[in-house]
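# Need a 3D model of the sequence below.
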Amino acid sequence: MRLFFAALLTVTSLFALSETTDTMQADFVQTITDDKNTTITYRGHMLAKRPNMAMWHYSEPFEKTVYIAANSVTIVEPELEQAIVKKLDSSIDILAVLASAQQVAKERYTAYYNTKEYDIAMHGDKIRTIRYTDAFDNKVTIVFDRQLINRAIDDSRFKAVIPEGFDIISE
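Numbers count the residues shown, from 1 in each chain. As a prediction, the model looks like this:
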């Protein structure tokens, strides 16, 4: 579960390397490779809106929707008929990664956050890939495609929808 939190908070933080970016929508492919070179690939669609809202819908290999708003994360898992609601440490500053991103080459940036290094590849004003090693020494790559920048997104899209009858786990 921590893999999701780290990846999602980081990317939610990074979506706006430009100060003029207020929203982002994109398809994504996230690969996680462990120390035994085993790779799992996730696919889905994400929305992000300044200052601190995001929704990640994973469609493969299983369905899961992650809602990030201010200091909380809600994960809705239809296959398990459950939702996990987690309060985030209020000390998490999702814009801190942005503030630390430094251009290292044309359309390449490096950012440091919580002792981790993030390699960010841009294409114009859009994030193409983010690569980093997570807290479990897994190599994580997130590739974005079909991005829409600064398109209106209604705030209701970031409100967790928990179906009736689902177990709710609070952490």
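
# Residue 157 falls within a strand, correct?
No. Under DSSP: H, G, I helix; E, B strand; the rest coil, residue 157 falls outside any strand and is assigned helix.

# Any idea how many residues pack against it?
13 (other Cβ atoms under 10 Å). Using the backbone N, CA and C atoms, a C-beta is placed for each residue, glycine as well.

# ok, now which ones touch it?
Counting by Cβ atoms under 8 Å, 6 or more residues apart in numbering, residue 157 makes contact with 47, 55.

# could we number from 22 for the rest of this?
Got it, first residue is 22 now, which makes that one residue 178.

# List the residues that contact residue 138.
Residue 138 neighbours (Cβ under 8 Å, 6+ apart): 131-132, 153-154.

# got the residue ranges for the helices in the chain?
With helices called from DSSP state H, the chain shows them at 23-35, 117-121.

# Scan the helices and strands of this protein for the one with the lowest mean pLDDT.
helix 23-35 (a mean of 50; mean pLDDT, DSSP states H and E).

# ok so, going back, which one of the contacts of residue 138 sits in the busiest neighbourhood?
That'd be residue 132 among the contacts of residue 138, by other Cβ under 10 Å, with 22 neighbours.

# how far away is that one from residue 94?
In this structure, residue 132 and residue 94 are 21 Å apart, going by Cβ to Cβ, to the nearest Å.
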